[in-house]
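Asks: show me how the following folds:
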Amino acid sequence: MAEGLEIVAQRDTAPPASIALKGTIAAAVATILAGVYAVEGGYVNDARDPGGATSYGVTEQVARQYGYRGDMRGFPKHCDGPATACADAVYVRSYIAAPGYMPLVQIEPAVAGELIDTAVNMGPSRPNRWYRLTMNVLGGARLPDSMSSLGPADVTAYRMLQARLGVIPACVATLDALDARQAAEYRRLAAANTKLGAFLKGWLRHRIGNVDRRSCGKGVG
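Replies: Coordinates of the predicted model:
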């Protein structure tokens, strides 16, 4: 589903080395990506969307960076057979590993899923900053007001929040806080750009509250 921000989310993205996932982490990532695909849908090419031709939320620009040379209507979701460029590869490398979300996939997949979904839609910089602000407000952490990739201190801050509030309350509170900041940003963008205003209802309907709070507490780390 083209939602107006994919070009922001996926520009200047270069594929790093291959990342192999196994066991519970692979299962958690698969569940998260299934949720992303449910929102993104398949092929779209909305003239109002600066991302242009998009398949499974991956823009043509990014698909080319990953080596895909075909029509975006045929861009694969999974890297089956000889395919090495697919939506799974883009998301795992550029929107899970690169922004530093993989440890959170293990600790609390629901929170990781929220960050990943937001990063797909508008790039990881904003959700990274919102995550740090949330840890500071809810857990008393002293993380920098930064948009850079998450690191060990950011992961530790979430573990401390779990210890302070409890595993499930920490997850729910974090999701609520991230959603609130995301919704406010959507409204700001829509007010500033009339073209993006056409996507506001869709953003709020599909990307706010889309992570089920009942899925909290499924971490294994």
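Asks: where in this structure is pLDDT low?
Replies: Within the chain, the ranges that satisfy pLDDT under 70 run 1-20, 49-51.
Asks: mind listing the helices for it?
Replies: Secondary structure of the chain (DSSP state H): helices at 6-9, 23-40, 60-65, 87-92, 102-107, 109-122, 125-139, 152-165, 167-192, 194-197, 200-207.
Asks: tell me which of these sits most buried.
Replies: Ranked by mean neighbour count under mean count of other Cβ atoms under 10 Å, these are led by helix 109-122, which reaches a mean of 26. Where you see a C-beta, it was placed from the backbone N, CA and C, and this is true even at glycine.
Asks: geometric centre of this protein: which residue is closest?
Replies: Residue closest to the mean C-alpha point of the chain, counted by Cα atoms, centre = their mean, is residue 116 at 1.9 Å.
Asks: returning to that earlier point: can I get the helices of the chain in CSV with distance to residue 71?
Replies: Below are those laid out as CSV (distance: least, Cβ to Cβ, whole Å):
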stretch, distance to residue 71
helix 6-9, 17
helix 23-40, 18
helix 60-65, 9
helix 87-92, 15
helix 102-107, 32
helix 109-122, 22
helix 125-139, 30
helix 152-165, 39
helix 167-192, 30
helix 194-197, 26
helix 200-207, 25
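Asks: how about those, which one is nearest residue 77?
Replies: Of all these, helix 87-92 sits nearest to residue 77, with 4.8 Å by Cβ to Cβ.
Asks: tell me which other helices or strands that closest one touches.
Replies: For helix 87-92, the packing partners by 3 or more Cβ pairs under 8 Å, 6 or more residues apart in numbering; DSSP states H and E come out as helix 23-40.
Asks: using CSV, list the CA coordinates for the helix it packs on.
Replies: Extracted C-alpha coordinates of helix 23-40, given in CSV (Å, rounded to 0.1, in the frame of the first residue of the first chain):
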residue,chain,number,x,y,z
GLY,A,23,15.2,-20.3,15.4
THR,A,24,13.0,-18.0,17.5
ILE,A,25,14.5,-14.9,16.1
ALA,A,26,13.7,-16.0,12.5
ALA,A,27,10.1,-16.8,13.7
ALA,A,28,9.7,-13.5,15.4
VAL,A,29,11.0,-11.6,12.3
ALA,A,30,8.7,-13.6,10.0
THR,A,31,5.7,-12.6,12.2
ILE,A,32,6.8,-8.9,12.2
LEU,A,33,7.2,-8.9,8.5
ALA,A,34,3.8,-10.5,7.9
GLY,A,35,2.3,-7.6,9.8
VAL,A,36,4.3,-5.1,7.6
TYR,A,37,3.2,-6.8,4.4
ALA,A,38,-0.5,-6.8,5.5
VAL,A,39,-0.3,-3.0,5.7
GLU,A,40,1.9,-2.4,2.7
